[in-house]
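> have a look at this prediction, sequence included:
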Amino acid sequence: MSSSRNKVIVPHLIERKNASEALTMVTAYDSTFASIVDEAGVDLILVGDSVATVMQGQKTTLGVSMDHMEYHVQMVASVKPKALIVGDMPFGSYQSSVRDAVNNAVRLIKAGAEIVKLEGGVHVREAIEAIVRADIPVMGHIGLTPQSYHRMGGNKVQGRTDGAQAGSRERIYKDARAVEEAGVCAFVIEAVPADLATQITTAVGVPTIGIGAGVNCDGQVLVLHDLLGLSERSFTFAKAYSDLRQISLKAVAEYVSDVQSRRFPDPSNGF
């Protein structure tokens, strides 16, 4: 449990890779869920821009602002987790200029993040290098990058084709090398064939964290709402370890019934 373990720090990530000890990362967007996943023993809490699709009801992650991300990072940081806090840099916060990238990374660190995460490979190398020069740990994200939704034509598996174009096997491998050389402390590999993720994980010197990228990455990440079975949809890359959606529906329906029949509140709930 969180109270009996040491605080996870950035240097532990490479130590875990070198020791072949798998890393665990789970999303959380508020203090309640952050305290739960931390007490359960995860290594990293990702305050993801997936808050857009999970919490805000948006179709993509593109509408999330820096203000949103600062707010959710602050909520997660308020529980002072033993897990490392990773704050997602939203679309538009690092694409326009290196200066913007550094300034917005600083904002997330001030909000309580201990690592910032941004999507892309070769084309974001300068932004990563600049943030790293500011002494801010960076996590990369290659493969399926949700902020590239329109370019990809939707959230689609990447790395199935040969060639130099974005999304090809060769380009994803180059992206991995680019973010490593830029100085990331780890990077996510999302929705690529397992053999490609294995090749990258073996070749690079920093930890890889997979989602839909096979079992041979150095760690795995899941969206908490998928893990708990709270999502209406199921995804091939995810696994529901509970069915909290049905449990919650049953509990609320029972409450509605009790109120309507005046079984709640009873004398034990009064003063």
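Here it is on my side, so go on. These figures come from a predicted structure and were not determined experimentally. Numbering: from 1, shown residues only.
> show me where the stretch 101-250 of the chain has its strands.
Counting by DSSP state E, counting those that start in this stretch, one finds strands in the stretch 101-250 of the chain at the ranges 115-117, 138-143, 186-190, 208-211, 219-222.
> which one, of those strands, ends up nearest to Val26?
Across the strands of the stretch 101-250 of the chain, Val26 has its closest neighbour in strand 219-222 (5.9 Å, Cβ to Cβ). Any C-beta I mention is one placed from the backbone N, CA and C, and that applies to glycine too.
> what packs against the biggest helix by length in the chain?
The longest helix of the chain (DSSP state H) is helix 244-260. Helices and strands touching helix 244-260, as assessed by 3 or more Cβ pairs under 8 Å, 6 or more residues apart in numbering; DSSP states H and E, are absent.
> could you give the mean pLDDT of that helix?
Across helix 244-260, pLDDT averages out at 98.
> run through who's touching that helix.
Applying Cβ atoms under 8 Å, 6 or more residues apart in numbering, the contact partners of helix 244-260 are 228-232, 263-264.
> what residues of it count as buried?
Residues of helix 244-260 classed as buried: Leu244 (neighbour count, 16 or more other Cβ atoms under 10 Å).
> stretch 168-182 now?
For stretch 168-182, by 16+ other Cβ under 10 Å, it's 168-169, 171-173, 175-180, 182.
> redo the residues you listed as a markdown table? Include distance to Val215 and pLDDT.
Listed next are the buried residues of stretch 168-182 as a markdown table, based on distance: Cβ to Cβ, whole Å; pLDDT from 0 to 100:
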| residue | distance to Val215 | pLDDT |
| --- | --- | --- |
| Ser168 | 23 | 96 |
| Arg169 | 19 | 96 |
| Arg171 | 24 | 96 |
| Ile172 | 18 | 97 |
| Tyr173 | 19 | 97 |
| Asp175 | 21 | 98 |
| Ala176 | 18 | 98 |
| Arg177 | 22 | 98 |
| Ala178 | 25 | 98 |
| Val179 | 22 | 98 |
| Glu180 | 21 | 98 |
| Ala182 | 27 | 98 |
